[in-house]
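In: Sequence isn't available, so here's the structure alone:
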């Protein structure tokens, strides 16, 4: 009897944990992307360091990104646990690998940006214009090109598994395929394209949370 209660509690809490982690990641990542876009536009009139008025926004984003990454890692873990025996090895490897690569690039970009910010604060005149431009370009490429391409791969593998296991509706999976192609083919071309990924994660997370609140949500996915 005690074992049955443990399994029931596990089935009840895992989908909800995935939904909460996904929502938290989406909100934090959207805030970070919007603040970065506003504080540091792609084309700057100045080759030097960013204005002082932008510094607080960038520092706030750098403090948010570790928690954003933790929430996404939690989301991956509980979503894999949700799949359970239905998980396919091939797609599970792509799903897990692309998620980890996305996190690695996110943290690498945050480390580079933080290094530039610390250099700006340590030197009276800030870092040399070339160093600042290089650092900003590296951060932009890591987040808006390579990390976004990995997020597209993550979406494709997740949607493929979702169609087989029905962890969320098929229309969300097909929408994910379309949005993933958008990320893979047009990253760096459209200004707000990176917002596609956290908005899609938010959509499926809200669905999982609402589905888990229904009385029959204990059933297998």
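Out: All right, it came through fine. This structure is a prediction, so every number in the text was calculated from the model and none was measured.
In: So which residues make contact with the helix or strand residue 175 falls within?
Out: Applying DSSP states H and E as the criterion places residue 175 in helix 170-186. The set of residues external to helix 170-186 that reach it, using C-beta atoms under 8 Å, 6 or more residues apart in numbering, is 148-149, 151-153, 155-156, 158-160, 162-163, 193-194, 196-197, 200, 203-204, 207. All C-beta spots, glycine's among them, are computed from the backbone N, C-alpha and C.
In: What's the first helix or strand after that helix?
Out: helix 196-212.
In: okay, the angle between the helix holding residue 175 and helix 196-212?
Out: 170 degrees (axes from the mean of the first three to the mean of the last three C-alpha atoms, to 10 degrees).
In: what is the mean pLDDT for helix 170-186?
Out: Helix 170-186 shows a mean pLDDT of 90.
In: Which elements pack onto the host helix or strand of residue 80?
Out: Here residue 80, judged by DSSP H and E, is contained in helix 52-83. Applying 3 or more C-beta pairs under 8 Å, 6 or more residues apart in numbering; DSSP states H and E, we find helix 52-83 packed against helix 2-39, helix 89-122, helix 148-165.
In: So what's the gap between the helix or strand following the second one and the chain middle?
Out: Next in sequence after helix 89-122, counting helices and strands by DSSP H and E, comes helix 129-141. Here the centre of mass of C-alpha atoms in helix 129-141, compared against the chain's by C-alpha atoms, centre = their mean, to the nearest Å, lies 22 Å away.
In: residues near the nearest residue to residue 58 once chain neighbours are set aside, how many?
Out: Distance criterion C-beta to C-beta, 6 or more residues apart in numbering; nearest residue to residue 58, sequence neighbours excluded, is residue 39 at 5.4 Å. With neighbours defined by other C-beta atoms under 10 Å, the count for residue 39 comes to 18.
In: Can you give me the pLDDT of residue 39?
Out: 72.
In: looking at this structure, which helix or strand is least sure?
Out: helix 2-39 (a mean of 72; mean pLDDT, DSSP states H and E).
In: picking up where we left off before, pretty sure the residue nearest to residue 58 is touching residue 59, no?
Out: No - taking contacts as C-beta atoms under 8 Å, residue 39 lies outside contact range of residue 59: 9.8 Å.
In: how about low-confidence regions in the chain?
Out: 1-15, 40-54, 82-88, 120-129, 187-190, 214-221 (pLDDT under 70).
In: Please identify the most buried of the helices and strands packed on helix 52-83.
Out: helix 148-165 (a mean of 22; mean count of other C-beta atoms under 10 Å).
In: Next, count neighbours for the residue nearest to residue 162 when sequence neighbours are not counted.
Out: Once flanking residues are discounted, residue 162 sits nearest to residue 173: 4.6 Å by C-beta to C-beta, 6+ apart. Using other C-beta under 10 Å, residue 173 has 21 other residues around it.
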